[in-house]
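**Q** predicted model, plus sequence, below.
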Amino acid sequence: MRMHRCRVCAPLIAIAALAAASRAFAAADAEAVSRPLPLIEPAIVEYRWTFLAPEWVVERRNVDLRAVIPHSRTKRIDYSTLEFPIEHRAIARVPEFRCKYADFGLPNECRTTWRTVYADVPVAAIRRDHVDLDVPQWQWQDAHTNVDLPRLVWKQQQLVVSLPAVAVRTDPAR
């Protein structure tokens, strides 16, 4: 058998099927129609936790004390030393004879020359010198300072978490 398609037939069949189904469901649950629908609205649910948490607290304290403060000053020390530097000095005069002829025959011309004899000798001398020294000195001095002292304390903390939720009310009057 051949089926003809009709543009109007298909929607009419769907409407008829829905009408029949709605009558069947409506007849089965007649009480549901008399009862009001529940009210659904957005809500927020809060969860709270209380716990102890560590926390650093810094306390400032004043400290006064007497301290030894070292410092140095320069002091010059003069001293003398005995030295023996070597000097080239004349120590004697020596005669030197020269003659014109070596055979000492006459007439001979002879001459006397005085020569100076030198020697390197140590000579005592006093040398003055100095040394600069840093001499430490200690002094008492009053000092004042502030000291920050950290301390661990436990404080009560509260954690609140808010989450979105859906509230269902059966009594819409509220």
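**A** Right, received. Where do you want to start? In this text the structure is predicted, and so the values were computed from the model without any measurement.
**Q** in this structure, which helix or strand is least confident?
**A** Lowest mean confidence among the helices and strands of the chain (mean pLDDT, DSSP states H and E): helix 30-34, at a mean of 57.
**Q** C-terminal to it, what's the next element?
**A** Remark: after helix 30-34, the chain's next helix or strand is strand 39-83, criterion DSSP states H and E.
**Q** who does that following strand touch, helix- and strand-wise?
**A** strand 125-169 (3 or more CB pairs under 8 Å, 6 or more residues apart in numbering; DSSP states H and E). (C-beta placed from N, C-alpha, C; glycine too.)
**Q** now the strand it packs on: mean pLDDT?
**A** Mean pLDDT, strand 125-169: 90.
**Q** ok, stretch 78-86 next?
**A** 92.
**Q** quick one: contacts of it?
**A** Stretch 78-86 is contacted by residues 120-131 when judged by CB atoms under 8 Å, 6 or more residues apart in numbering.
**Q** and if you look at stretch 122-130?
**A** Under CB under 8 Å, 6+ apart, the answer for stretch 122-130 is 76-87, 89.
**Q** just how off-centre is it within its chain?
**A** Offset of stretch 122-130 from its chain centre (CA atoms, centre = their mean, to the nearest Å): 58 Å.
**Q** with stretch 136-153 instead?
**A** Worked out by CA atoms, centre = their mean, stretch 136-153 lies 22 Å from the chain centre.
**Q** same deal with stretch 88-98?
**A** Centre to centre, stretch against its chain (CA atoms, centre = their mean), the figure for stretch 88-98 is 83 Å.
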